[in-house]
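[1] next input, structure requested:
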Amino acid sequence: MSLVKRNSNTQFAFPNLLDDFFSRELFNWGNNNFSATSTTVPAVNIRESADKYEVEVAAPGMSKEDFKITLDHNFLTISSSKKQEEVKKEEGYTRKEFSYQSFTRSFEVPKEVVDGENIKATYENGILLLSLPKKEEAKQKAPKTIEIN
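    Predicted structure coming up:
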C-alpha cells in the first residue's frame, strides 16, 4: 500500500495554470537564456493574480518603439531590435562604432484562460510590463454558499 498526496482544494474550475503557463520557457530556462550568438536575452518575471497574469521583461536602454509584441493563435511573442551608430572624426582618422541588439521571446498562452483582445503593454524605467487579463470564466471566484431549505 502506498500513500498518495491529493490536493483537496476544489474551488478552482481550472488547474493551477501558473505551472503550465509559459511552460516552454520555464522548463528550458538554462538553454533558452542565450541567443544563437551567445548573447543573453532579457530576464522575464511572470506573476499570476486572481484576474490577470503580468509579464515583466527587463530591457533597459530601449524605447517603446524598439519592441514588437504579437499574439498569434496562442503564442505571445516579444521581440526587439535596436541599432546604434556613432561616428567620430578627429585629426587624421575616423572612428565608427556600432552595435546591434535584438531578441525574441515566445510563450505559449492558454487561449481558454487569457483574454487576448485586452492585453496591454507599457514600458517604463527599463521594464516592459504586459498585462494579460483572464477571461471571466477563468477568474478565481469565491466559494458559493448554498442555502439549506
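[2] which SS class is the spatially closest residue to residue 44 that is not a sequence neighbour?
    The shortest distance from residue 44 to any non-neighbouring residue, by Cβ to Cβ, 6 or more residues apart in numbering, is to residue 57 (5.4 Å). Backbone N, C-alpha and C define where each C-beta goes, glycine included. Secondary structure, DSSP: H, G, I helix; E, B strand; the rest coil: residue 57 is strand.
[3] what of residue 137?
    Per three-state DSSP, residue 137 ends up helix.
[4] number of residues surrounding residue 95?
    By other Cβ atoms under 10 Å, 9 other residues sit near residue 95.
[5] I figured it hits residue 88, correct?
    Yes: if you go by Cβ atoms under 8 Å, residue 95 and residue 88 touch, sitting 4.7 Å apart.
[6] helices along this protein, start to end?
    17-20, 23-26, 29-32 (DSSP state H).
[7] what sits closest to the residue nearest in space to the middle of the chain if chain neighbours are left out?
    In the chain, the centroid-proximal residue (Cα atoms, centre = their mean) is residue 55; its distance is 4.1 Å. What sits nearest to residue 55 in space, not counting adjacent residues and going by Cβ to Cβ, 6+ apart, is residue 130, at 4.3 Å.
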